[in-house]
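Q: need a structure here:
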Amino acid sequence: MAKIVIAHGMRMQHYSKAALQAKWSAALRAGLKSTDWGRADPGRVPRAQDIEVVYWADLFQKPPRALEPVTKDVADKLLAPYYGLWRGAVRLADHLSFWDEHGAPRGPVAHAVNPIVYQSAIYMRNGRVTRPDPAFDPGAFFQVQARFRAALKADTRVVIGHSLGSVVAYEGLLLHPHAVESFITVGSPIATRRLILQPLRERLHRLIGTPLEGPPPWPCVAHWSNFYASADVWSVPVKRLAPIFDRRIVDVEVKQGNPHRAVETHKLTTYFRQPALLAEIARGLDASAGNQLLRALA
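A: Numbers count the residues shown, from 1 in each chain. Sure thing, here's the model as predicted:
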């Protein structure tokens with residue numbers, strides 16, 4: 001059975017790895033089972049153990065507080081009117097490049113949006129994490145990439161990158177040997193110019209010598225599909241990746257959610273209800289099975 005790897009995005013600290021693994025594998029399997037592809041041959045649907053989540057949220061966990069004044073759901077509702085303003089603030093902060101070389105915010109605009117994007121800033125600048133694994137370089141990039149490399153197996157054929165996880169997965173596919181057939185990005189902020197794209201180009205130039213200008217390199221996969229929702233305020237400010245990265249990328253806009261329910265709109269489990277996304281995952285699994293058969297007959 002082909003293996004699926006999912007790299008998660010920001011703000012997953014309220015889940016343990018086991019909980020996130022169970023939640024996402026159940027949602028993905030249920031979605032695939034509901035399709036014509038899954039109903040035609042249920043044996044093709046990956047088992048829970050064939051789906052691996054690259055978990056790195058614990059690297060950003062802070063010591064627990066004695067008292068939480070409001071629940072996450074209540075806070076989300078209270079902040080809903082401001083999501084649109086935050087999105088504009090992220091664009092402004094990104095344009096002015098208000099994060100330093102360690103991912104720390106500089107200036108009032110960056111401080112205002114930092115609760116939303118600080119994990120992206122720290123990862124892109126290889127800043128400090130709270131709980132580094134002493135077996136690896138303490139920087140966030142090296143700590144997270146060590147987790148991705150451990151999850152990437154010889155039989156991994158489909159990689160799904162959600163939110164900041166799309167950046168993690170993209171870099172991992174460039175830097176580590178693999179036999180991945182399909183790369184699928186979901187709600188990706190990878191084209192955010194200064195916060196992510198510019199430091200991404202600089203890092204790849206240092207590590208593998210790619211040019212500082214022009215399209216970033218192709219991640220050595222047969223297919224790359226990028227799914228985004230117009231109401232997804234977290235994947236800012238650029239949603240279509242083909243014009244920036246490579247014309248081979250298939251950008252797919254899906255209709256879901258609304259900007260006033262930003263968290264629900266951006267959830268990977270919400271995207272897993274989209275037939276087009278499920279069809280692309282199924283296509284990747286079928287293609288990898290066909291390629292394995294051809295190699296066996298060769």
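
Q: CA atoms for contacts and neighbours, from now on please.
A: OK.

Q: tell me the strands in this protein, going along the chain?
A: 3-7, 51-54, 156-162, 182-186, 223-229, 250-254 (DSSP state E).

Q: any chance of those in a markdown table, with mean neighbour count, distance to Arg39 and mean pLDDT too?
A: Formatted as a markdown table, the strands of the chain follow (neighbours: other Cα atoms under 10 Å; distance: least, Cα to Cα, whole Å; pLDDT from 0 to 100):
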| stretch | mean neighbour count | distance to Arg39 | mean pLDDT |
| --- | --- | --- | --- |
| strand 3-7 | 25 | 19 | 95 |
| strand 51-54 | 24 | 19 | 96 |
| strand 156-162 | 26 | 20 | 96 |
| strand 182-186 | 27 | 22 | 97 |
| strand 223-229 | 21 | 24 | 96 |
| strand 250-254 | 16 | 23 | 96 |
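
Q: nearest residue to His266 other than its sequence neighbours?
A: Asp232 (5.5 Å; Cα to Cα, 6 or more residues apart in numbering).

Q: In this structure that neighbour contacts Glu264, no?
A: No. In this structure Asp232 lies outside contact range of Glu264 using Cα atoms under 8 Å: 9.1 Å.

Q: if you count what's nearby, which of those two comes out ahead?
A: Asp232 (24 against 17; other Cα atoms under 10 Å).

Q: Pull up the gap between that one and Ala276, please.
A: Note on Asp232: its distance to Ala276, by Cα to Cα, to the nearest Å, is 17 Å.

Q: before we move on, what about Leu173?
A: Distance from Leu173 to Ala276, by Cα to Cα: 23 Å.

Q: re earlier: with distance to Pro108 as extra columns, can I get the strands of the chain in a markdown table?
A: Below are those laid out as a markdown table (distance: least, Cα to Cα, whole Å):
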| stretch | distance to Pro108 |
| --- | --- |
| strand 3-7 | 31 |
| strand 51-54 | 33 |
| strand 156-162 | 28 |
| strand 182-186 | 30 |
| strand 223-229 | 29 |
| strand 250-254 | 33 |
